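Visitor: Just need the structure, nothing else, for what follows:
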Amino acid sequence: LLALQAVVGWTPDRWYAKELAEPDPKVRRQLDLIVTNVHNTPGDVLAEEIGLILLAGKPVPYDDPQAMAALARVGRWDQRQLIDDLNNRRFSLVLLPANPRDELWTPEVLAAIHANYDLKFRDIWFTYQAKDLR
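Guide: Here you go, the predicted structure:
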């Protein structure tokens, strides 16, 4: 039983397999370009994948969208500050997947992003830029 537990414990769940695998060179190049863009763009960044922000050497003001959205839905986290930050265009960039998952972002947050940010790049991660930075 101990040997089985050791084998199962060392085998990553399929959910994480893609994240733990080395990306192919083309994907790696696109990720490098995204990180470079984040690094070279002045200002704060909001991203679903906070690793992109960290790799760019920037602070991460909001680090757990899944927990934030779940807590906001049950009234345990007040998302007004995040929505105010989006409405005031605090973030120069917002990075989201092509189809943001409902469990990670509330409809109010996504509406604030779409009202205040324009899609700049369609890539592995979609890059939205604050409307006043055009």
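Visitor: quick one, what contacts the residue positioned nearest the centre of the chain?
Guide: The structure's the chain has its C-alpha centroid closest to residue 48; by C-alpha atoms, centre = their mean the separation is 1.4 Å. Contact analysis of residue 48 by C-beta atoms under 8 Å, 6 or more residues apart in numbering lists 65, 95, 96, 97, 100, 104, 105, 125. (Each C-beta comes from the backbone N, C-alpha and C, glycine too.)
Visitor: What about these, which are in helices?
Guide: Taking DSSP state H, the ones among the contacts of residue 48 that sit in helices are residue 65.
Visitor: of the contacts of residue 48, buried ones?
Guide: Among the contacts of residue 48, those buried by neighbour count (16 or more other C-beta atoms under 10 Å) are 65, 95, 96, 104, 105, 125.
Visitor: how about those residues in TSV, adding distance to residue 30?
Guide: As requested, the buried ones among the contacts of residue 48 are exported to TSV (distance: C-beta to C-beta, whole Å):
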residue	distance to residue 30
65	22
95	12
96	15
104	21
105	22
125	9
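Visitor: Of the residues you listed, just say which sits nearest to residue 42.
Guide: Checking those against residue 42 with C-beta to C-beta, the nearest one is residue 95 at 15.7 Å.
Visitor: Now do the same contact list for the closest one.
Guide: In this structure, residue 95 makes contact with 34, 38, 45-49, 52-53, 125-128, judged by C-beta under 8 Å, 6+ apart.
Visitor: Many thanks, I have nothing further to ask.
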